[in-house]
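Engineer: give me a model of this one.
(one chain, ligands or ions: 1)
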Amino acid sequence: MARRRALPPAPRFFVTGTDTGVGKTQASRALLSLMADAGLSPQGFKPYESGCASLRAPADALSLREAARSDLPLDIVCPHRFRAPLAPGIAARRLGREPDWNVTLAAWERVGQGAVVVEGAGGLFVPLDSSHDVIDLISTLGLPVLLVARAGLGTLNHTALSLEALAARNIPVAAVLLSRGSPTRDPSERDNAALIAERHGVRVLGPVPYLLQPVRRHAAFRAALAPLLGMDRARAR
Ligand SMILES: [Mg+2]
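Structural biologist: Predicted structure coming up:
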């Protein structure tokens, strides 16, 4: 009788950032598309999205679903949506609402046990409702973190603060991904990756170059993140 080979566990990550606008969606999209290419049928999960121009079309959630090549209903991919460009918990409070944590957990059940990328909202201490921050969601879902951070000056402090907070909750960190947020390089970049790796004993990927052209930007994020999935950088482009 042929012995069946044990399948490796499906890759599952929670993508958070040291700040808002650092490249979480780009990183999530790149991971999902790499997983989809590998035939893993991944799912993206963006449970809280604010700053939605239309509540029927949350841009990040749709973008993750597209990258995953998934047809999971939008109410599962993104159960909580807000128009205001504010932390989700603050946007909800202004509307006199309390986002139902159980709705988040029920959606998460439907996302399933396969390959998955969850995108948070802003950084670790962004409120999601009156009693939960993003870091509470990470703890509850029990996923390792990909921390997206700026490549340049200021990143040592922001990255250290986020890593310390994650360590205090015993949340494993799969890697830190550095990303350039502006076309001008700054002199700190040369040492940042090595210093973060050395001080915090964490894997550091990137820096992803600053590229305006969406196709090239996507390819650069894929190349930087391919090693996290045990894939070849060159083949990810
Ligand atoms: Mg985003």
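
Engineer: pretty sure Pro207 contacts Val176?
Structural biologist: No: Pro207 is beyond contact range of Val176, at 10.6 Å (criterion: C-beta atoms under 8 Å). C-beta coordinates here come from the backbone N, C-alpha and C atoms, glycine included.

Engineer: more neighbours: which of the two?
Structural biologist: The neighbour count for Pro207 versus Val176, taken as other C-beta atoms under 10 Å, is higher for Val176 (25 against 21).

Engineer: tell me how far the more buried one lies from Met35.
Structural biologist: Between Val176 and Met35 the distance, using C-beta to C-beta, to the nearest Å, works out to 20 Å.

Engineer: quick one: the helices in this protein, in order.
Structural biologist: For the chain, helices defined by DSSP state H occupy the ranges 24-37, 59-68, 74-77, 88-94, 101-111, 134-141, 155-168, 189-200, 214-225, 233-236.

Engineer: now for the residue nearest to Ser162 when sequence neighbours are not counted: which residues touch it?
Structural biologist: Nearest residue to Ser162, sequence neighbours excluded (C-beta to C-beta, 6 or more residues apart in numbering): Thr18, at 5.1 Å. Applying C-beta atoms under 8 Å, 6 or more residues apart in numbering to Thr18 gives the contacts 123, 147-150, 155, 158-159, 161-162.

Engineer: same check on Met35?
Structural biologist: The contact partners of Met35, taken as C-beta under 8 Å, 6+ apart, are 11, 42, 68, 115, 117, 229.

Engineer: let's have those residues in JSON lines, adding distance to Pro127.
Structural biologist: Below are the contacts of Met35 laid out as JSON lines (distance: C-beta to C-beta, whole Å):
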{"residue": "Pro11", "distance to Pro127": "29"}
{"residue": "Pro42", "distance to Pro127": "28"}
{"residue": "Ala68", "distance to Pro127": "27"}
{"residue": "Ala115", "distance to Pro127": "29"}
{"residue": "Val117", "distance to Pro127": "22"}
{"residue": "Leu229", "distance to Pro127": "31"}
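
Engineer: just those now: which is nearest the ion?
Structural biologist: Lowest distance from the ion to the contacts of Met35 (C-beta to the ion) belongs to Val117, with 11.7 Å.

Engineer: check what pLDDT that closest one gets.
Structural biologist: The confidence metric pLDDT takes the value 98 at Val117.

Engineer: picking up where we left off before, so which of the contacts of Thr18 is the most crowded?
Structural biologist: The residue in these with the most neighbours, by other C-beta under 10 Å, is Val148 (31 neighbours).

Engineer: quickly list what that one is bridged to.
Structural biologist: Note on Val148: beta-bridge partners by DSSP bridges are Gly17, Leu177.

Engineer: from here on, call the first residue 10.
Structural biologist: I'll keep to 10 as the first residue from here, and by that count the last item is Val157.

Engineer: quickly note the distance from it to Asp109.
Structural biologist: To Asp109, Val157 is 28 Å away according to C-beta to C-beta.

Engineer: got it, and Pro97?
Structural biologist: From Pro97 across to Asp109, the span is 12 Å (C-beta to C-beta).

Engineer: which of the two has more neighbours?
Structural biologist: Counted by other C-beta under 10 Å, Pro97 and Asp109 do not tie: Pro97 has more neighbours, with 26 against 12.
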